[in-house]
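> Mind looking at a prediction? Sequence and model below.
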Amino acid sequence: MASGFVSSIALTGCAGLIEELGGDPIALAATLDISPEALRGPHVMLTGEQVTGLFERAAIELGARDFGLRLALRQGPNLLSPLWVLARTAGTVRAALTEVVTAFDFYVTTAVLGLVEEGQSLALSFDMRLNDEGPQVQVVELSFAIICQELQKMLGPQWRPAAVQFRHAGPREMQSHRAQFGEMILFNQDRNAILLDPASANGSLRSASARLHRTLKRDLDSQRALSRRDTVEQADLALRTLLPTGRHDLAAVAEKMGMAPRTLQSRLAASGSSFQVLIDRARLDLARRYLLDSDLSMTQIADLLSFSGASAFSRFVRLQTGRSPRAIRAEARDRPR
């Protein structure tokens with residue numbers, strides 16, 4: 001499955017930050033076959049792997065573990081600007097985030113955003129969808145910082161999440177992370193998520209406008225209707241959105257797609273795929289994330305991914321990739337960046 005393309009608007013501010021840190025943005029971009037034009041304007045199409053790779057290489061080569069957080073201060077919402085405008089006209093933060101999650105895949109095909117109800121609290125989950133055996137730390141932290149900036153516009157500049165969870169390992173220095181996310185930052189977790197307490201989730205928006213909201217939503221729904229994806233793509237997106245909820249079986253995915261489980265199975269089969277293929281692909285992607293970005297042991301990763309043990313996890317990874325989990329982790333850490 002292709003990871004999709006993004007416009008070079010995703011690189012807004014990147015060249016300036018690289019220069020500020022003492023690097024050469026054009027030379028760094030060239031190592032990933034990114035043209036100088038992509039650093040200067042918003043209309044060059046790039047793969048998700050190119051964008052993520054540039055952020056990671058810049059962080060490593062320039063010694064800036066907080067590169068993504070610094071870049072967020074220069075970027076703002078970028079690709080999601082129209083969606084955040086719609087969100088701000090909703091009645092509450094909960095309603096606003098529901099709108100963002102519902103329409104997110106129209107703007108971004110390289111990532112998945114989900115919303116999990118946890119009592120009166122909310123967890124906004126995030127994961128990338130890339131065919132890439134490289135780290136994704138910077139793009140995840142960049143995305144979370146931008147989301148928190150938007151929530152601060154809704155809830156006030158002093159607002160911070162109740163907690164932030166990352167699948168990847170933490171940095172040695174936490175100053176930038178605490179300034180952006182507050183004190184409750186957890187690493188090596190079972191999900192990437194921003195947690196909102198009940199007061200934040202139910203907060204009313206001063207910019208709410210029912211009339212404007214209906215107009216903007218109608219326009220967006222019309223645009224989404226013209227860009228329908230095939231069944232395999234829709235099912236993959238639905239599955240990955242449901243993963244953080246813990247209920248992501250065939251019935252749950254079919255329900256989210258508005259069809260019967262048997263119908264979904266038949267349509268996947270007609271497309272040359274199956275639900276098990278989608279499950280295995282999602283599981284492998286998560287396995288890579290933990291192997292490449294976290295400090296978790298093989299046993300811990302196996303437990304998070306619901307394998308019976310480290311040996312079962314190892315067999316699965318070998319079957320899918322032809323390599324052992326330890327080899328994947330070792331190769332990634334030895335690879336020049």
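Okay, I see it.
> And V139, which helix or strand is it part of?
In this structure, V139 sits in helix 137-155 according to DSSP states H and E.
> buried set for that helix?
137-151, 153-155 (16 or more other Cβ atoms under 10 Å). Any C-beta I mention is one placed from the backbone N, CA and C, and that applies to glycine too.
> Also stretch 18-27?
I18, L21, G23, P25.
> Report pLDDT for the first one.
Model confidence at I18, expressed as pLDDT, equals 98.
> List the residues that contact the closest residue to G22 other than its chain neighbours.
The shortest distance from G22 to any non-neighbouring residue, by Cβ to Cβ, 6 or more residues apart in numbering, is to L62 (6.5 Å). Applying Cβ atoms under 8 Å, 6 or more residues apart in numbering, we find L62 in contact with I18, L21, G22, G23.
> Next: L113.
Residues near L113 by Cβ under 8 Å, 6+ apart: V100, V101, F104, L124, S125, F126, T241.
> Pull the residues that contact whichever helix or strand the last one is part of.
I take that to be T241. Element membership for T241, per DSSP H and E: helix 231-242. With Cβ under 8 Å, 6+ apart as the test, helix 231-242 has contacts from 1, 101, 105, 112-114, 127, 129, 229, 248, 252-253, 256-257, 264, 267-268, 270-271, 273, 275, 278-279, 281-282.
> element containing G16, please.
Going by DSSP H and E, G16 is part of helix 14-20.
> Next: L122.
strand 121-128.
> what helices or strands is that strand leaning on?
Here strand 121-128 touches helix 93-107, strand 111-118, helix 137-155, strand 193-196, helix 198-201, helix 275-293, going by 3 or more Cβ pairs under 8 Å, 6 or more residues apart in numbering; DSSP states H and E.
> Per the annotation, how does this structure divide into domains?
Domains of the chain are assigned by automatic domain parsing as 5-65, 78-201, 231-334.
> possible to save these as JSON lines with distance to R224?
Formatted as JSON lines, those follow (distance: least, Cβ to Cβ, whole Å):
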{"stretch": "domain 5-65", "distance to R224": "18"}
{"stretch": "domain 78-201", "distance to R224": "5"}
{"stretch": "domain 231-334", "distance to R224": "12"}
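> Relative to A72, tell me which of these wins on proximity.
Closest of the domains of the chain to A72 is domain 78-201, at 3.4 Å (criterion: Cβ to Cβ).
> Dump the contacts of L62 to a markdown table, plus distance to E133.
Shown next, in a markdown table, are the contacts of L62 (distance: Cβ to Cβ, whole Å):
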| residue | distance to E133 |
| --- | --- |
| I18 | 24 |
| L21 | 26 |
| G22 | 28 |
| G23 | 24 |
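> show me where the stretch 201-337 of the chain has helices.
Applying DSSP state H, counting those that start in this stretch to the stretch 201-337 of the chain gives helices spanning 210-225, 231-242, 250-257, 261-270, 275-293, 298-304, 310-321, 325-334.
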